[in-house]
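Show me the folded form of this:
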Amino acid sequence: MPLNINEITNIDDIKINFDTSGLWVLNIAIGIIMFGVALGISIDDFKRLFKNPKIVFVGVLSQFILLPATTFLAILLIKPHPSFALGMMMIAACPGGNVSNFFSKMAGGNAALSVSLTAFATLICIFMTPFNLHFWGSLYEPTNLILKTVELNPYDLFKLVLLILGIPLIAGMLVKHYHSEMAFKIEKVLKPLSMLVFIALIFIAFSQNLDIFTNYIHLVLFLVVFHNIFAFILGFYTAKAFKLDDRDTKTISMETGIQNGGLGLLLIFGFFDGLGGMALLAAFWGIWDVFSGMALATYWGRKKRK
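This is a model prediction of the structure:
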């Protein structure tokens, strides 16, 4: 949809009412979801996984090489507003979101693969996220004009990894290892409860920015929906091209389609001063991909049961 002069002027003045503390609350909720997923995973799952490293390679290829590259090509074709384009590049450069682990298991995918890819991707994003954002952003002149420098603080990123990935994963697996019966009981209750809490937090954040979304959502609706669906399809057919089985294919698709919008927002607020177009796109992505991921996981899960 073409933008008029007033919209172009006002986009980057948008201020999302969603501060860093609110993002941490969301990430804690994601960490609880991770804990619930980890309750069903054992060390043997990872041993079996790394006997076939090809699937880990395919996941990293899809997420950190192909998604940023094809996002760049899509931007060249669509030519969105520069800060929207940079927001798309930021999302494509981020690691997978932890909620993908829940959706992968729900879809009948490979939960151990999902957790492993999320763990590995989150670690290498220390290097790959700024590299991809700088590399692809500098190749597109409109984003190059606003992309001055991106400096990720390794300590802050380490805290994020530890909170939403490391602690929940280790804690869940320890409970599973030493108290398997208790882990099974907790998992049955915690998984649906944690998802409800997570969705509730998203709705609270949405309600706090209702006026902004009402007035501006039409500007990013197509971009986010297109980008997200495209990412799911990219992951799916990349896995198919490498002849992975159905469980691993679903997982690669989820890992590529569910990006860590929370991390993207943290970086946008921390290093781009909450640049309006970037923040709006990343915030809507964080809301949208929960629903698209849940819809896809539900469809695949029901198809598997049938």
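
Tell me the spacing between residue 266 and residue 272.
Computed as C-beta to C-beta, to the nearest Å, the residue 266 to residue 272 distance reads 11 Å. No exception for glycine: its C-beta is placed from N, CA and C like everyone else's.

I meant residue 227, not that one.
Applying C-beta to C-beta to residue 227 and residue 272 gives a distance of 19 Å.

Name the residue in those two with the higher neighbour count.
residue 227 (26 against 21; other C-beta atoms under 10 Å).

Would you agree residue 232 is in contact with residue 292?
Yes: using C-beta atoms under 8 Å, residue 232 is in contact with residue 292, at 7.4 Å.

Between these two, which contacts overlap?
Contact criterion C-beta atoms under 8 Å, 6 or more residues apart in numbering; residues shared by residue 232 and residue 292: residue 257.

beta partners for the spatially most central residue of the chain?
When the chain is reduced to its mean C-alpha position, the nearest residue by C-alpha atoms, centre = their mean turns out to be residue 259, at 1.7 Å. On the basis of DSSP bridges, residue 259 is bridged to residue 96.

Now do the helices in the stretch 51-200 of the chain.
Using DSSP state H, counting those that start in this stretch, the helices of the stretch 51-200 of the chain run over 54-60, 67-78, 82-93, 99-106, 111-139, 141-146, 154-161, 167-178, 180-208.

Lowest average pLDDT across those helices?
Mean pLDDT is lowest for helix 154-161 among those, at a mean of 66.

Helix, strand or coil: sort out residue 274 for me.
Per DSSP: H, G, I helix; E, B strand; the rest coil, the secondary structure class of residue 274 is coil.

Can you report how many residues lie near it?
Using other C-beta under 10 Å: residue 274 sits among 18 other residues.

now the one 3 residues further on
Residue 277: 26 surrounding residues under other C-beta under 10 Å.

Could I get the CA-only coordinates of stretch 285-303 as PDB?
What follows is stretch 285-303, C-alpha atoms only, in PDB (Å, rounded to 0.1, in the frame of the first residue of the first chain):
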ATOM      1  CA  TRP A 285       5.700  -9.700  14.300                       C
ATOM      2  CA  GLY A 286       5.900 -10.800  18.000                       C
ATOM      3  CA  ILE A 287       2.100 -10.900  18.200                       C
ATOM      4  CA  TRP A 288       1.400 -12.400  14.700                       C
ATOM      5  CA  ASP A 289       3.900 -15.200  14.700                       C
ATOM      6  CA  VAL A 290       2.400 -16.600  18.000                       C
ATOM      7  CA  PHE A 291      -1.000 -17.000  16.300                       C
ATOM      8  CA  SER A 292       0.400 -18.200  12.900                       C
ATOM      9  CA  GLY A 293       2.700 -20.700  14.700                       C
ATOM     10  CA  MET A 294      -0.100 -22.000  16.900                       C
ATOM     11  CA  ALA A 295      -2.400 -22.300  13.800                       C
ATOM     12  CA  LEU A 296       0.200 -24.300  11.900                       C
ATOM     13  CA  ALA A 297       1.200 -26.400  14.900                       C
ATOM     14  CA  THR A 298      -2.500 -27.200  15.500                       C
ATOM     15  CA  TYR A 299      -3.000 -28.200  11.800                       C
ATOM     16  CA  TRP A 300       0.000 -30.400  11.700                       C
ATOM     17  CA  GLY A 301      -0.800 -31.900  15.100                       C
ATOM     18  CA  ARG A 302      -4.300 -32.900  14.100                       C
ATOM     19  CA  LYS A 303      -3.100 -34.200  10.700                       C
END
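
Can you list the buried residues in that stretch?
285-290, 292-294, 296-297, 300-301 (16 or more other C-beta atoms under 10 Å).

Would you mark the buried spots in stretch 244-257?
Quick answer for stretch 244-257 (16+ other C-beta under 10 Å): 244, 246-257.

Redo the residues you listed as JSON lines? Include pLDDT and distance to residue 89.
Below are the buried residues of stretch 244-257 laid out as JSON lines (pLDDT from 0 to 100; distance: C-beta to C-beta, whole Å):
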{"residue": "244", "pLDDT": "92", "distance to residue 89": "27"}
{"residue": "246", "pLDDT": "91", "distance to residue 89": "31"}
{"residue": "247", "pLDDT": "91", "distance to residue 89": "31"}
{"residue": "248", "pLDDT": "92", "distance to residue 89": "27"}
{"residue": "249", "pLDDT": "94", "distance to residue 89": "26"}
{"residue": "250", "pLDDT": "93", "distance to residue 89": "26"}
{"residue": "251", "pLDDT": "92", "distance to residue 89": "25"}
{"residue": "252", "pLDDT": "94", "distance to residue 89": "21"}
{"residue": "253", "pLDDT": "94", "distance to residue 89": "21"}
{"residue": "254", "pLDDT": "93", "distance to residue 89": "21"}
{"residue": "255", "pLDDT": "92", "distance to residue 89": "19"}
{"residue": "256", "pLDDT": "94", "distance to residue 89": "15"}
{"residue": "257", "pLDDT": "93", "distance to residue 89": "17"}
